[in-house]
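Novice: predicted model follows, preceded by the sequence.
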Amino acid sequence: MGNEELWVQSVLEMPKRRDILAIVLIVLPWTLLITVWHQSTIAPLLAVHKDDGGDSRRDLAAGLDSKEYCLSDRDIVEVVRTEYVYTRPPPWSDTLPTIHVITPTYSRPVQKAELTRLANTLLHVPNLHWILVEDSQRRTALITRLLRDTGLNYTHLNVETPRNYKLRGDMRDPRIPRGTMQRNLALRWLRETFNKNNSQPGIVYFADDDNTYSLELFEEMRSTRKVSVWPVAFVGGLRYESPKVNAAGKVYGWKTVFDPHRPFAIDMAGFAVNLRLILQRSQAYFKLRGVKGGYQESSLLRELVTLNDLEPKAANCTKILVWHTRTEKPVLVNEGKKGFTDPNVEI
Amino acid sequence: MKSLLFGRFLLLLPWVLIVIIVLDIDSSRPPLPALAPRGGGGSGGARPAAGRAPPRQAPEAAVPTIYAITPTYSRPVQKAELTRLANTFRQVARLHWILVEDAAARSELVSRFVAGAGLPCTHLHVPTPRRYKRPGLPRATEQRNAGLAWLRQRHQHLPPPQSGVLFFADDDNTYSLELFQEMRTTRKVSVWPVGLVGGRRYERPVVENGKVVGWYTGWRADRPFAIDMAGFAVSLQVILSHPKAVFKRRGSQPGMQESDFLKQITTVEELEPKANNCTKVLVWHTRTEKVNLANEPKYHLDTVSIEV
């Protein structure tokens, strides 16, 4: 063993190192190329997927790319559209409180239409959890399919209002408010699902399926600490009802014509409650029996909060962000007694 | 020597390719598609420039714009109706909303609404002559015609074929998002079922072998096109190539508006059935109850004036 052999050895090793270096230099750019090529198919979909309200949804070419977008978390298998995929809601944020929207619903001809347009609104709202409670013996296929197709974050519950509690015909009997048992079930579900000590921040809002909600409303209620209130249009025989707010920004009364001396003269759509408060006051429910007309909201709110603690929203209760619209009963006179159209066609 | 050069070449080739592609992506950012000119108050929500532009531009440009012509008139629930309609339309890619007020001048409410609507919107207005405001006469004729006129004028100097689909969206109906998917592929005139209309759960065209052969409706099935305003869409090119096709007042009977219009531009054989051969209901002819304002004082008593 002499210097010669050492020299030969090192010469033999150097080419090896050089070979490895050469191989790396060749392989690396090809891998980069392939990644860039892959990215260029996914990137445009992710790039336009921004949390800026409705705009990004418009950027997605309808149908074709929205399916790709929905699959971007998993492998992109095929870009062939086999089934329409609804636009997804905005991405979940870790900083925004979740809004739990409780909607009681019951079966009637306009049900699917009402829930469709409500879902179209809710799809704009980030961090939204829709709790849909059917007034039925079991969960219906119509609602199950509808909820699944929207792509919203949802919980599907049901409880049937006993026959003697249900409204008779079209007459509004104020002693039996519709939707009470369903809302109470949702409250109970929230209390069973969330732990009051370490739950994420959340807001609870009761949204009937025929009202109209602006997107601004959901952002107003997100900052609720206890219970927040705002005006509601088309209730109480007025253009709108509203809380009375003094110069200090505190609610001191109610601007209504119908019984303004109720403890909380406000419509179901006019307030939101912080989830923590719901969990702390675990016995607070809507009163089922013996509630006078217009006092249902009070039956819950008086167990949660006092007038002084209410937080006025919507620019100190001067803007209308929710309308108590009601949908006409459709004329189905041509269906006749036995029904004329195919009952399998879902409306 | 040769193998050395060859080796060097192989080494450099992929890097050169990468540099070329990166440069290509940077420079080939597609120009923002021209948003339609906005009339009236203009609308907010301009499309933000995509951070990383897709290298392929074809899919973006190929999506035809949907034009929704919505006649509207002032009444208490107007803003609510427009709000929830906007909430639906904003979920649809490349939809241009043409809002036509039944008014002599643009109202403040609608102008403000359009400014904050969040989608491309054109705000027009044309008043209905008082003699046409009787019950039983067709409504919103002038407004829909104004929408058609605006579209025709906007596209008159552009060469055919113009891609785009137009439909008439009344402000109290309910539209599912799937409907827009279906209508976007309209070549001439497409049709689909409408729920809660004609005194029935739904009305629909009867389809055999992919062609419309009849009408399943509860009211006057003898009409040439027994379909509701919400049940069809027309491709923009058809509208442009039939410049005289408008909704008629003179000599039109109640309920014949759709028929009189469609027979000017198409025949039953040409109709394209959508919604799974017209077996799915994707649009509902909902109507909103008249609001109870019994407790409103005769004169304005409040200290502030709030818009509802």
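Specialist: Received, thanks.
Novice: tell me which helix or strand B:Tyr111 sits in.
Specialist: Wrong residue type there; residue B:111 is Ser, not Tyr. helix B:108-115 (DSSP states H and E).
Novice: export that helix as PDB, just CAs?
Specialist: Taking C-alpha atoms only, helix B:108-115 is exported to PDB below (Å, rounded to 0.1, in the frame of the first residue of the first chain):
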ATOM      1  CA  GLU B 108     -82.300  55.400  -4.400                       C
ATOM      2  CA  LEU B 109     -83.100  52.100  -2.800                       C
ATOM      3  CA  VAL B 110     -82.200  50.100  -5.800                       C
ATOM      4  CA  SER B 111     -79.200  52.300  -6.700                       C
ATOM      5  CA  ARG B 112     -77.800  51.800  -3.300                       C
ATOM      6  CA  PHE B 113     -78.600  48.100  -3.500                       C
ATOM      7  CA  VAL B 114     -76.800  47.700  -6.800                       C
ATOM      8  CA  ALA B 115     -73.800  49.500  -5.500                       C
END
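Novice: any residue of that helix touching chain A?
Specialist: No - counting by Cβ under 8 Å from any Cβ of the partner chain, chain A has no neighbours in helix B:108-115; the shortest distance is 10.4 Å. No exception for glycine: its C-beta is placed from N, CA and C like everyone else's.
Novice: same for that helix, what does it pack against?
Specialist: helix B:78-89, strand B:95-101, strand B:121-125 (3 or more Cβ pairs under 8 Å, 6 or more residues apart in numbering or on different chains; DSSP states H and E).
Novice: figure out how far the shortest one is from the centre of its chain.
Specialist: Going back to what we said before, that points to strand B:121-125. Between the centre of strand B:121-125 and the centre of its chain there are 13 Å (Cα atoms, centre = their mean, to the nearest Å).
Novice: could you spell out the sheet neighbours of it, each with its direction?
Specialist: strand B:95-101 (parallel) (DSSP bridges).
Novice: quick one: the strand it pairs with to helix B:108-115, angle?
Specialist: 170 degrees (axes from the mean of the first three to the mean of the last three Cα atoms, to 10 degrees).
Novice: got the contact list for strand B:95-101?
Specialist: Here strand B:95-101 makes contact (Cβ atoms under 8 Å, 6 or more residues apart in numbering or on different chains) with A:58, B:36, B:65-74, B:82, B:86, B:89, B:107, B:110, B:114, B:117, B:119-126, B:143-144, B:146-147, B:150-151, B:180.
Novice: kindly report the same for stretch B:298-308.
Specialist: So stretch B:298-308 is in contact with A:231, A:233-234, A:239-240, A:242, A:255, A:318-320, A:323, B:76, B:79-80, B:109, B:112, going by Cβ under 8 Å, 6+ apart.
Novice: what pLDDT does the residue nearest to A:Glu114 when sequence neighbours are not counted get?
Specialist: Once flanking residues are discounted, A:Glu114 sits nearest to A:Asp209: 4.4 Å by Cβ to Cβ, 6 or more residues apart in numbering or on different chains. With respect to pLDDT, A:Asp209 scores 95.
Novice: and the stretch 151-300 of chain A, which residues reach chain B?
Specialist: So far as Cβ under 8 Å from any Cβ goes, the stretch 151-300 of chain A lies against chain B at A:212-215, A:231, A:233-234, A:236-240, A:242, A:255, A:257-258.
Novice: only the buried subset of those, as a ChimeraX command please.
Specialist: Per 16 or more other Cβ atoms under 10 Å in any protein chain shown, the buried members of those correspond to this ChimeraX selection:
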select /A:212,213,214,215,231,233,234,236,238,239,240,242,255,258
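Novice: keep only those of the residues of the stretch 151-300 of chain A next to chain B that are in strands.
Specialist: Among those, the subset assigned to strands under DSSP state E consists of A:Thr212, A:Tyr213, A:Ala233, A:Tyr240, A:Ser242, A:Lys255.
Novice: now the contacts of strand B:95-101: which count as buried?
Specialist: Of the contacts of strand B:95-101, these count as buried by 16+ other Cβ under 10 Å: A:58, B:36, B:65-73, B:82, B:86, B:89, B:107, B:110, B:114, B:117, B:119-126, B:143-144, B:146-147, B:150-151, B:180.
Novice: going along the chain, name the strands of the stretch 51-200 of chain A.
Specialist: A:98-105, A:128-134, A:153-158 (DSSP state E, counting those that start in this stretch).
Novice: let me redo that: chain B
Specialist: B:66-72, B:95-101, B:121-125, B:165-168, B:174-175, B:189-191, B:194-197, B:200-208, B:211-216, B:232-235, B:272-273, B:283-284.
Novice: in JSON lines, list the ones you listed along with mean pLDDT.
Specialist: Putting the strands of chain B into JSON lines (pLDDT from 0 to 100) gives the following:
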{"stretch": "strand B:66-72", "mean pLDDT": "96"}
{"stretch": "strand B:95-101", "mean pLDDT": "96"}
{"stretch": "strand B:121-125", "mean pLDDT": "96"}
{"stretch": "strand B:165-168", "mean pLDDT": "96"}
{"stretch": "strand B:174-175", "mean pLDDT": "96"}
{"stretch": "strand B:189-191", "mean pLDDT": "97"}
{"stretch": "strand B:194-197", "mean pLDDT": "91"}
{"stretch": "strand B:200-208", "mean pLDDT": "91"}
{"stretch": "strand B:211-216", "mean pLDDT": "92"}
{"stretch": "strand B:232-235", "mean pLDDT": "96"}
{"stretch": "strand B:272-273", "mean pLDDT": "96"}
{"stretch": "strand B:283-284", "mean pLDDT": "96"}
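Novice: go through these and name the closest to A:Gln283.
Specialist: strand B:174-175 (38.8 Å; Cβ to Cβ).
Novice: so A:Arg138 makes contact with A:Asn158?
Specialist: Yes - applying Cβ atoms under 8 Å, one finds A:Arg138 in contact with A:Asn158, separated by 6.3 Å.
Novice: these two: which has the busier surroundings?
Specialist: A:Asn158 (17 against 8; other Cβ atoms under 10 Å in any protein chain shown).
Novice: tell me the bridge partners for the more buried one.
Specialist: Bridge pairing for A:Asn158 - DSSP bridges - gives A:Glu134.
Novice: just the endpoints, please. Distance across stretch B:249-261?
Specialist: Start-to-end span of stretch B:249-261 (Cα to Cα, to the nearest Å) is 11 Å.
Novice: what comes into contact with it?
Specialist: Residues contacting stretch B:249-261 (Cβ under 8 Å, 6+ apart): B:132, B:136-138, B:141, B:219-220, B:223-229, B:231-232, B:245-248.
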